[in-house]
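# everything below, folded, please.
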Amino acid sequence: MVVGLRLSRIGASVVVHMGSRRVTLIGVPLDLGAGRRGVDMGPSAFRVADVDERIRELGLEVEDWGDLPVKIPETQGPGDPRLKYLHEITEVVGRLRDGVGRALDEGRTPVVLGGDHSVAMGSIAGLARHFHRRKEKLGLVWIDAHADANTSETSPSGNIHGMPLAVALGLGTPSLVNLAGFSPMVDGARASLIGIRDVDAEERQNVKASGIGAFTMRDVDERGMRTVMEQAIKRATAGTAGIHVSFDLDGMDPDLAPGVGTPVPGGLSYREAHLAMEMLADTGKVVSAEFVEVNPVLDQRNGTADLGVELLTSLLGKKIL
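Residues are numbered from 1 along each chain as shown. Presented below is the predicted three-dimensional model:
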């Protein structure tokens, strides 16, 4: 199936949205932001699940740029216990920012394969900087069991993978908050957080202060995924050049995605997640994505990475009929 061409004009430039342009895979084998080892093997797990071939089956062109170099915890000291491995993580997300920006400049659709959710800081910085130069805004849909809205002052662990959404929304340590050269990288009014069910006590105030649209699993239960996604899409497309989709596989129910480092019961169902991806694809405004937190050490027959690839193909436009 060849997905139809979708174009949006931004001044004199043309942005070609996901599902119609060349896809670039960027692996980020980072687990310095997490509390346990294993998610550094996530990019390899996606490739074992034939991510490139399954994208090509949609009629899209794929180029794999390989993995960014990442230091491992055994060779580094964690540094500040409130911001563990800050220096090393900042280096990696800075390289990712530049790689995502390069992909966009070349008319490609960046798809980032994590790695822990810290990688989102680099993805969003690259996107936000690219569109900021065109005087445009970025929309964001973030799917996760956790809010990822801690700062060094509120985090109970000091693990940076619990902070990237706060950073994107302008909360946190300056070296991360200013990765794009300005802050916030994303306006809370143009962002949504979906599927949360495990939020730290002091983190709740950060979520409220950011202005993000926060949809808990209770919201999904009561309103249904269709209504939640309609509201999320409305926010993410309000005066924006496009949508970035950040998908933490622990947003899924652990029965479906056991291979994650921080599983939380009661997550999204198979069809809820696919519906979310399908509705986003229908907008024609998704410009990038990342799928993160797959831990093959904890997985069963690479099923979590395989599910991630399925969801990615739905986001890229795969349809039932």
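# how about the strands in the protein?
7-10, 13-16, 22-28, 62-67, 108-114, 137-143, 191-196, 213-216, 240-248, 286-292 (DSSP state E).
# now for the last one, which elements pack on it?
Other elements packing on strand 286-292 under the criterion 3 or more C-beta pairs under 8 Å, 6 or more residues apart in numbering; DSSP states H and E are helix 86-105, strand 108-114, helix 119-132, strand 240-248, helix 303-315. C-betas here are computed from N, CA, C, even on glycine.
# which among those is found nearest to V287?
strand 240-248 (3.4 Å; C-beta to C-beta).
# direction included, what does that closest one pair up with?
Within its sheet, and counting by DSSP bridges, strand 240-248 is paired with strand 137-143 (parallel), strand 286-292 (parallel).
# just the pLDDT for R36.
pLDDT, R36: 87.
# equivalent analysis for R271, please.
At R271, pLDDT is 98.
# quick one: contacts for the residue most central in space within the chain?
For the chain, the residue nearest the mean C-alpha position is S246 (2.0 Å; C-alpha atoms, centre = their mean). Applying C-beta atoms under 8 Å, 6 or more residues apart in numbering, we find S246 in contact with 117, 120, 123-124, 140-144, 289-290, 292.
# repeat that with 7 Å
Neighbouring residues of S246 by C-beta atoms under 7 Å, 6 or more residues apart in numbering: 120, 140, 142, 290.
# what's the closest of those to T227?
W142 (17.8 Å).
# was I right about that closest one contacting L193?
Yes: at 4.9 Å, W142 and L193 qualify as touching, with contact defined as C-beta atoms under 7 Å.
# need the strands of the chain in TSV with distance to H87 and mean pLDDT, can you?
Supplementary listing: the strands of the chain in TSV, determined by distance: least, C-beta to C-beta, whole Å; pLDDT from 0 to 100:
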stretch	distance to H87	mean pLDDT
strand 7-10	36	35
strand 13-16	34	37
strand 22-28	17	97
strand 62-67	20	98
strand 108-114	19	98
strand 137-143	25	98
strand 191-196	27	98
strand 213-216	31	98
strand 240-248	23	98
strand 286-292	21	98
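# save the helices and strands packed on strand 286-292 as a markdown table, and put in distance to R56 too.
Converted to a markdown table, the helices and strands packed on strand 286-292 look like this (distance: least, C-beta to C-beta, whole Å):
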| stretch | distance to R56 |
| --- | --- |
| helix 86-105 | 17 |
| strand 108-114 | 13 |
| helix 119-132 | 22 |
| strand 240-248 | 20 |
| helix 303-315 | 10 |
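# all good on my end, thank you.
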